[in-house]
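S.K.: Fold the stuff below for me.
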Amino acid sequence: MPFEHGKATDVVKRSGTLVDWSLNAGSVGGQVQLRILRPVGHGKLKAVHSSALETVTVAGLNTFSAHIKVKRGDVLALSNDSSGLYMQSAPASQYVRHFSSTLSDGTTGRPNQVTPQLHLLLSAVVHV
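M.R.: The predicted model follows:
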């Protein structure tokens, strides 16, 4: 999950239905999954939904269909099965927080890993 100045940056602005999501990839062949995480307080997040597992097929923009109900304030995250290139260098104020182990849907956890000066190349379309 991308953060800047201590706050998540890929946050759903309005409740609705997420209809597609995109990942700008620098490598191909990896499998990825969009994760919807909901803040529950004290830095913890609850995994509320995961998209279908998708394969990155082209270097550049990959867009995947989805139909996921989201709430304002939900955080977009990404799971991947490889060391695929899905991030870019960023200023010192930006970083990616992640879990050292998989957070299954319905469970709660606090990201325990930080990678500085990176930004996840992820976006989504939400219809309200």
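S.K.: Let me see the mean pLDDT of stretch 93-102.
M.R.: Along stretch 93-102, the predicted local confidence has a mean pLDDT of 86.
S.K.: What is the neighbour count of Lys44?
M.R.: 13 (other Cβ atoms under 10 Å). Placement of C-beta: from N, CA and C, glycine included.
S.K.: any low-confidence regions in the protein?
M.R.: Under the criterion of pLDDT under 70, the regions of the chain flagged as low confidence span 83.
S.K.: residues near Gly29, how many?
M.R.: As a burial measure, Gly29 scores 11 neighbours (other Cβ under 10 Å).
S.K.: Now the closest residue in space to it that isn't next to it in sequence. Its backbone dihedrals?
M.R.: If you skip the residues right next to it in sequence, Gly29 has Val56 as its closest partner in space, 6.5 Å away by Cβ to Cβ, 6 or more residues apart in numbering. Val56 adopts backbone torsions of phi -80, psi 120, taken as degrees, to the nearest 10.
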